[in-house]
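In: Output the structure for:
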Amino acid sequence: MNKDDILKDFDTLAEAKRKGAVNLKLCLGFALVVVVLVLAWGLVVNFTALDKVVVVERSGEYLKTHAEDSEALFLALVKKTCAEATGYANSFDRLNLKKIRRTPLFMSIRTI
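Out: Purely as a prediction, here's the structure:
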């Protein structure tokens, strides 16, 4: 038995582990590059799509559009939702409540 042959057999395992680690790093690097490119593409589409939106009336005339301020839109939607919820909660009276309790939706909420 030759000492070099025995050491070569052990070296193949270490070399396979190194190749596996290199292959894993290459795969993860490729996946990271793909994810970054997809996010960059989505960002470009997002910024360029707002300029290309065309709204046409039924008569065929183009209507001018512009992007809304998202924070102001969000605040307006929250205020509207709160106003509707308050109006709904204040619409109950003693006679109306008995009728509403008979419906399945109110009965399922009441049992929870």
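In: Tell me where the protein has strands.
Out: Under the criterion DSSP state E, the chain contains strands at 55-56, 62-63.
In: any chance of the ones you listed in a markdown table, plus distance to Lys80, mean neighbour count and mean pLDDT?
Out: The C-beta positions use only the backbone N, C-alpha and C, and glycine is treated the same way. Shown next, in a markdown table, are the strands of the chain (distance: least, Cβ to Cβ, whole Å; neighbours: other Cβ atoms under 10 Å; pLDDT from 0 to 100):
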| stretch | distance to Lys80 | mean neighbour count | mean pLDDT |
| --- | --- | --- | --- |
| strand 55-56 | 23 | 9 | 77 |
| strand 62-63 | 23 | 8 | 75 |
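In: Format the ones you listed as CSV; extra columns: distance to Lys79.
Out: As requested, these are arranged in CSV below (distance: least, Cβ to Cβ, whole Å):
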stretch, distance to Lys79
strand 55-56, 25
strand 62-63, 26
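In: To Glu84, which of these lies closest?
Out: Minimum separation from Glu84 across the strands of the chain (Cβ to Cβ) falls at strand 55-56, 27.0 Å.
In: strand partners of the closest one, parallel vs antiparallel please.
Out: Here strand 55-56 has these sheet partners by DSSP bridges: strand 62-63 (antiparallel).
In: Next, the contact list for Asp69, please.
Out: If a contact means Cβ atoms under 8 Å, 6 or more residues apart in numbering, then Asp69 has no contacts.
In: mind checking how far Arg18 is from Ala31?
Out: As defined by Cβ to Cβ, to the nearest Å, Arg18 lies at a distance of 21 Å from Ala31.
In: quick one, domains of the chain?
Out: Listed by automatic domain parsing, the domain ranges of the chain are 1-65, 68-112.
In: Least reliable of the ones you listed by average pLDDT, please.
Out: Lowest mean pLDDT of those: domain 68-112, a mean of 70.
In: related to what we said a few turns ago, closest one to Phe10 among the strands of the chain?
Out: Nearest of those (Cβ to Cβ): strand 55-56, 71.9 Å.
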